[in-house]
Structure formats: structure tokens, C-alpha cells
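[1] no sequence on this one, just coordinates:
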């Protein structure tokens, strides 16, 4: 069954930004991939008439994460429109727009977000994406200077209050702009693993979610790291589970196709159990593999100062294993691949990422993405639908 959903992984994975038919019991009632479409409307803070008509994430969703090639300029460049066209031409139906704020170090609360796209820029991007058949998700990241990982941000007491206040100053206005642009979905954060593990922060996250619900009326989610998702305490307050799916697929440096397939099936099994546990559809909001031979062991890692040989076939094999496992896991309702820049010219100087980086465009792995997108498109044309129960339960709890 298919449904319509209506309304950046461990330490060193980074992006090189320039300028710095499975039967499911009726009682489960999750969006499924095999047979048809029905809307899953986003939870609303209060009864209202949504000014943005037809907001939804069609599933199975296949697409990409899009980040600025030149920070503060990429989203306003002419190249971004060509990139969106290229994404659509692959058969994609979704794109996550990656927005970033910077933190000087793990102990600082001086979150700098002045370079986020303004409202008009975001509106134009969302409008152009919709014209191309792409649903949009707005995803605010924190990038910590010096290579530290946002998942290691720890706060307590007054320091936690100060951090969350500053963080709300970042994501709140962005949610306002996403609402004005009629974006389809908004992620309240990315890989804040140490904070989501801390029971003290539960009330702070609940307050943030309530605030965002009042500002944004599309789908609301959170982008959990692959080894964080099971500990998140607030999935029941959101519309769908999103996971940055950089699970290891193998332990050997040169895994066989069978090893990759087994690793991908195991990963999807974990995700399927998570979807059942929280009674929510689950999206791989980030997934992908570098064009290196050993990309499946620690997919999140971003080697620094290394001139690695390019292995397009290893990247293709990892994509193939992931795609095959995804097709067989109905509760995992799609994948958005990591990562492409606003401009896709590999000859740009300096380049967005090394030749062995994540982007599959122009490589052998692009064919795997195209094939998965074609399969997803056929699934979305199927017949019957299952109405998800999740948001009906949310409404009863109001």
C-alpha cells in the first residue's frame, strides 16, 4: 500500500561548504507502500483552514538533500533552478533544503544563523520545486566549528535554557518562512543525540514542538541519527519519524554483494521495528555512500586531508543494496539521498566535495537512484490506500 503524507550521522560526516506485499494487521494502520494513496494530514495546533492547499509528501518518496554550494549565496543562484530540474528529471519527488547555523564550539550558545535564506528566497525555491513535482522539506542543521559533532552538544540547567532559547530564535523564524512558502515538511532539528538522550530536555523539546506547531502547519518531524532514533522521547508528538540512515552495512573493507544485502536488510529491520513501536511512518531523510571502496563500514565518516581513490562501482553496489531493502520494507516510506550542491558542476573551483564524495550524480550510482525513483513512481500510481491512525490519535489527545 502507498500513502500520501499530508499536512547530516556520526562525527565526521560533513559537507564541504565553500566559504569556510507485506501483510500488516489492521490495528497497525501505518502508511504502506504497496497499494495506493491516502492523505496523512499534519497535526494542527488548533482548528484552522490551511492557506497552503495540497501540502503532502507522496510516498514512496525518493529524492535528495540540497545544500548551498556557496554559503549564503547558493540558494539565490541561477544554478539552483537547474539543479532542481536535474533532480526532477531523475524521477525524484522530494527534496530536502539544508539550512545551517554555526556554533563556535560545543560549549557555546552563540548560534549564528544570519546566512539562512530569506523568506522570498525560500518561497521561490519551494514554488519552483513544486512546479517540478518535488515536495519540499526544510531541514535546519547546526554545524560546529572545528569538526566537532552536534550530537555531542550537552546542556543542563540555565545553560540548557539559554541554548534552547537561542535555538528557538534560529528554527522559529525559519518555520515561519517555511509556512509562508507552503513547504510540505519541517524538521525541528538534526542529530541532537546527547540532548534527546537526556530526560531533563524532554520538557524543552515539548515546548519547542508546541511552538513550531503554532507556526508551521505542514508535516513536522525530527532528523535522528541512525544510532539515536530509538531513544527519542517525542516521536508521538510528530507526524513521522525521520532517520539519517548511515548504518554500517558491512565490516569488511571490500564487502561482497551478499554482505551488503544482508547489512541493508538488517538496517531496514531495525527501522521497521521502530515504525511499529511508535506507530509512525518512517523516512530515511538522509542516506548515501561515498565513492570509496570501504564506504559501507562507516558511511558517516568524512576523511580529512585524504586523497582517496574513486570507486564508483563500490558506491553503486551500496546504493543497490539499500534500494533493494527499501523496496521490501513498506513502513520505511522513502529515502532522500545525501548530498548534492545547489550547483552540480564538478569542475567548479574550489569543488563542493572531493571526487570520492557522496553525490551520486554523474556516477554509476545515479542509475540506481533512477531505477528506485521509477519503482516508487509506479507504486504511487497503484490503487487502494490505508488511512493512517497516527494523527487521529494525536487529535484525540488534544
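    Sure, I can see it. Computed from a prediction, not measured in an experiment: that's the story for all the values here. Numbering: from 1, shown residues only.
[2] Number of residues surrounding the closest residue to residue 194 other than its chain neighbours?
    Using C-beta to C-beta, 6 or more residues apart in numbering and skipping the chain neighbours, the partner closest in space to residue 194 is residue 154 (4.9 Å). Any C-beta I mention is one placed from the backbone N, CA and C, and that applies to glycine too. The number of residues packed around residue 154, counting by other C-beta atoms under 10 Å, is 15.
[3] So what does residue 243 have for phi and psi?
    For residue 243, the backbone dihedrals are phi -130, psi 130 (criterion: degrees, to the nearest 10).
[4] I'd like to know how far the residue lying closest to it once chain neighbours are set aside sits from residue 132.
    Taking C-beta to C-beta, 6+ apart as the measure, residue 243 lies nearest to residue 229, with 4.9 Å between them; neighbours along the chain are not counted. Taking C-beta to C-beta, to the nearest Å as the measure, residue 229 falls 30 Å from residue 132.
[5] Just want to know which of those two has more residues nearby.
    Ranked by neighbour count (other C-beta under 10 Å), residue 229 and residue 132 place residue 229 first, with 23 against 17.
[6] which parts of the helix or strand hosting residue 85 are buried?
    Element membership of residue 85 [criterion: DSSP states H and E] is helix 79-89. When burial is assessed from 16 or more other C-beta atoms under 10 Å, helix 79-89 yields the following buried residues: 79-81, 83-84, 86-88.
[7] Any idea which of the residues you listed the model trusts least?
    Checking pLDDT across those, the minimum falls on residue 79 at 89.
[8] and it, what does it touch?
    When contacts are counted by C-beta atoms under 8 Å, 6 or more residues apart in numbering, residue 79 touches 69, 342-345.
[9] please redo it, this time with the cut-off set to 7 Å
    Counting by C-beta atoms under 7 Å, 6 or more residues apart in numbering, residue 79 touches 342-343.
[10] go on, the one 4 residues further on?
    By C-beta under 7 Å, 6+ apart, the residues touching residue 83 are 66, 340, 342-344.
[11] Tell me where the stretch 201-350 of the chain has strands.
    Chain-ordered strands for the stretch 201-350 of the chain, with DSSP state E, counting those that start in this stretch as the definition, fall at 219-225, 241-244, 282-287, 332-341.
[12] What average pLDDT does the shortest one get?
    Just to be clear, that refers to strand 241-244. For strand 241-244, the mean pLDDT works out to 97.
[13] just the first one next, same as before
    Rounded to a whole number, the mean pLDDT of strand 219-225 is 97.
[14] Check which residues of stretch 251-269 are buried.
    Using 16+ other C-beta under 10 Å as the test for burial, stretch 251-269 gives 255, 259-264, 267-268.
[15] List the contacts of that stretch.
    For stretch 251-269, contacts defined as C-beta under 7 Å, 6+ apart pick out 245, 247-250, 293-294, 296-297, 317-318, 321-322, 324-326, 329, 332.
[16] ranges for the helices of the stretch 251-398 of the chain?
    Under the criterion DSSP state H, counting those that start in this stretch, helices of the stretch 251-398 of the chain are mapped to 257-278, 312-327, 365-380, 390-397.
[17] so which of those helices comes closest to residue 136?
    Closest approach to residue 136 among the helices of the stretch 251-398 of the chain (C-beta to C-beta): helix 365-380, 16.6 Å.
[18] coming back round to it: same list as before, the strands of the stretch 201-350 of the chain that is, but in JSON lines and with mean neighbour count included.
    Compiled in JSON lines, those are given as follows (neighbours: other C-beta atoms under 10 Å):
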{"stretch": "strand 219-225", "mean neighbour count": "26"}
{"stretch": "strand 241-244", "mean neighbour count": "28"}
{"stretch": "strand 282-287", "mean neighbour count": "29"}
{"stretch": "strand 332-341", "mean neighbour count": "27"}
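[19] Output these in a markdown table; the columns should cover distance to residue 94.
    Rendered in a markdown table, the data for the strands of the stretch 201-350 of the chain read as follows (distance: least, C-beta to C-beta, whole Å):
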| stretch | distance to residue 94 |
| --- | --- |
| strand 219-225 | 11 |
| strand 241-244 | 12 |
| strand 282-287 | 9 |
| strand 332-341 | 6 |
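[20] picking up where we left off before, which one among the buried residues of stretch 251-269 gets closest to residue 139?
    Nearest to residue 139 among these, counting by C-beta to C-beta, is residue 267 at 20.9 Å.
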